[in-house]
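Chemist: need a 3D model of the following:
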Amino acid sequence: MKILVFSDSHGQIRGMEQAIRTHERDTDAILYLGDGTAAAEALLLQYPHIMHMAVLGNNDFGCAGVWDCMLDLQGVRTLCTHGHKYGVKSGMERLYQAAAEKEADLVLFGHTHMCADFTMEGIRFFNPGSVGIGRQRTYGVIYLDGTNLVTGFGNVSV
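Modeler: Here you go, the predicted model:
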């Protein structure tokens with residue numbers, strides 16, 4: 001299973017379009033982690049053959065949706081969140097506690113605009129960075145084969 005992970009587009013969809021065109025042929029799912037959710041949802045509807053899910057971020061004013069969700073990705077219990085509710089810019093403790101309570105194996109989060117991929121007390125944390133803001137605009141790629149999890153980052157040029 002191949003999953004594209006986006007966050008923090010802030011309404012800029014060109015980077016997501018570029019990444020989706022690059023990976024569309026073999027992408028099984030697209031996950032969007034907030035801050036630009038309305039634009040992301042509009043874009044993702046153009047790809048009805050690819051499963052997609054989005055959560056809200058702190059800048060998604062007036063959007064309907066959820067702040068967090070749990071997914072089962074081939075047996076990998078995955079918490080998807082933007083991260084602002086857990087103060088991720090100040091540290092990972094609160095997000096770790098929430099992930100542990102939900103018995104998550106993997107946490108996908110955004111908000112910091114910086115790529116991250118690390119393990120904390122047995123839980124894997126992955127942040128794709130920002131696909132819409134900054135000098136380096138990035139997205140995440142996750143490959144799942146059973147419980148074998150491989151992650152990576154891609155860059156877009158817009």
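
Chemist: going forward, measure contacts and count neighbours with C-alpha atoms only.
Modeler: OK.

Chemist: tell me which stretches of the chain form helices.
Modeler: For the chain, the helices defined by DSSP state H occupy 14-23, 37-44, 93-101.

Chemist: now the angle between helix 14-23 and the second one, please.
Modeler: If I follow you right, that is helix 37-44. Here the directions of helix 37-44 and helix 14-23 differ by 30 degrees (axes from the mean of the first three to the mean of the last three CA atoms, to 10 degrees).

Chemist: which other helices and strands does helix 37-44 contact?
Modeler: Judged by 3 or more CA pairs under 8 Å, 6 or more residues apart in numbering; DSSP states H and E, helix 37-44 is in contact with strand 51-54.

Chemist: work out the gap between the strand it packs on and the centre of the chain.
Modeler: Mean-position distance between strand 51-54 and its chain equals 10 Å (CA atoms, centre = their mean, to the nearest Å).

Chemist: give me the buried positions along that strand.
Modeler: Neighbour-count burial for strand 51-54 flags 52-54 (criterion: 16 or more other CA atoms under 10 Å).

Chemist: ok, now stretch 88-96?
Modeler: By neighbour count with 16+ other CA under 10 Å, stretch 88-96 contains the buried residues 88, 95-96.

Chemist: and stretch 68-80, by the same measure?
Modeler: Applying 16+ other CA under 10 Å to stretch 68-80 flags 68, 70, 76-80 as buried.

Chemist: kindly report the same for stretch 114-127.
Modeler: 115-116, 123-127.
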